[in-house]
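Participant: Quick one: sequence plus predicted model below, questions after.
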Amino acid sequence: MTGTTAPSTFRLGYVPGVTPAKWVRTWTERLPDVPLELVPMAPTDAADQVRSGDADAVLLRLPCDRTDLSAIPLYTETTVVVVPKDHLVTAVDEVTPADLADDVVFHPLDDTLAWDATPGRPAVERPTSTGDAIELVAANVGVLIVPQSLARLHHRRDLTYRVMLDAPQSQVALAWREDTTTDLVEELIGIVRGRTVNSSRGRTPTPPKDTGKDTRKTPAARNGKPAAGRGQGGGGTGRGGTTGKGATGNRGAKRTGRPRGKR
């Protein structure tokens, strides 16, 4: 249509295991004229892709290279170990690094867990991806330690997982370029942080309407006292006036009878 401007599109990247669906729904409700496009990204490339402008923002896992990026941690993931269903550790609910001392523990190239020293025995070669490592676990070659969301993403009937204690954890974060904190980025920040639609964050408050009336209170009114000239019972409070019920009840009445004399 001539003379109209097509609505801009906001591109949101996300890494495997992260589910932005609930935030997308909120975005659609609040910004129906701005389409939100989801862009799948590899964990190893996500930071570079948002840095190069392939997306306006990205949901990724920390730690990552945060050069020139701003990031807001959203939540911390539970770390688990993925094993074959007949593995010995399936007899317990939680596993420690010592329980894996005799196992080959895969450390894929796209792993974001910041290990000081990985438990178990190292593999001869690091798998390229978490998906490749899952295939090796299914072949009963070793085990894999990952965030729980990735274990669920790569679910197989012949595999299971257990919570891993004393292991590093990953944080899911919203990241964007420091020099592109646009109004739409601010809108997304509000959504992922759970701010309501009426939040004034990043918006200019609407000034109160000028009614043309002087709404300033007198000193007496500020102290909770009636202003001069107004009695509590409706009568005047000026000099020589009366206040209270007598003023209201006797207003305009004639005095009758003789004045009382001295006894």
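Facilitator: Structure's in. What do you need?
Participant: Tell me the gap between stretch 132-145 and the middle of its chain.
Facilitator: 35 Å (Cα atoms, centre = their mean, to the nearest Å).
Participant: quick one: contacts of it?
Facilitator: 79-84, 87, 100, 103-106, 108, 113, 118-120, 123, 127, 130, 154, 156, 158-159, 164, 167 (Cβ atoms under 8 Å, 6 or more residues apart in numbering). The way it works is simple: take the backbone N, C-alpha and C, and place the C-beta from them, glycine included.
Participant: For that stretch, output the C-alpha coordinates as PDB.
Facilitator: The C-alpha coordinates for stretch 132-145 follow below in PDB (Å, rounded to 0.1, in the frame of the first residue of the first chain):
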ATOM      1  CA  ASP A 132      26.900 -36.100  18.900                       C
ATOM      2  CA  ALA A 133      27.800 -36.700  22.500                       C
ATOM      3  CA  ILE A 134      24.200 -38.000  23.100                       C
ATOM      4  CA  GLU A 135      24.700 -40.600  20.300                       C
ATOM      5  CA  LEU A 136      27.900 -41.800  22.000                       C
ATOM      6  CA  VAL A 137      26.200 -42.100  25.400                       C
ATOM      7  CA  ALA A 138      23.400 -44.200  23.700                       C
ATOM      8  CA  ALA A 139      26.200 -46.400  22.300                       C
ATOM      9  CA  ASN A 140      27.300 -47.000  25.900                       C
ATOM     10  CA  VAL A 141      30.700 -45.400  25.300                       C
ATOM     11  CA  GLY A 142      30.500 -42.800  28.100                       C
ATOM     12  CA  VAL A 143      28.300 -40.300  29.900                       C
ATOM     13  CA  LEU A 144      27.500 -36.600  29.400                       C
ATOM     14  CA  ILE A 145      26.900 -33.800  31.900                       C
END
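Participant: mind listing what the residue most central in space within the chain touches?
Facilitator: For the chain, the residue nearest the mean C-alpha position is residue 193 (1.5 Å; Cα atoms, centre = their mean). For residue 193, the contact set (Cβ under 8 Å, 6+ apart) comprises residue 72.
Participant: ok, now how distant is it from residue 139?
Facilitator: 42 Å (Cβ to Cβ, to the nearest Å).
Participant: same deal with residue 169?
Facilitator: 27 Å.
Participant: Check residue 38 too.
Facilitator: 32 Å.
Participant: Could you do residue 119 as well?
Facilitator: The value you get for residue 119 to residue 139, if Cβ to Cβ is used, is 20 Å.
Participant: more crowded one of the two?
Facilitator: Using other Cβ atoms under 10 Å, the more surrounded residue of residue 119 and residue 139 is residue 119, with 20 against 10.
Participant: right, and residue 77 touches residue 146 too?
Facilitator: No: counting by Cβ atoms under 8 Å, residue 77 does not reach residue 146; the two are 9.1 Å apart.
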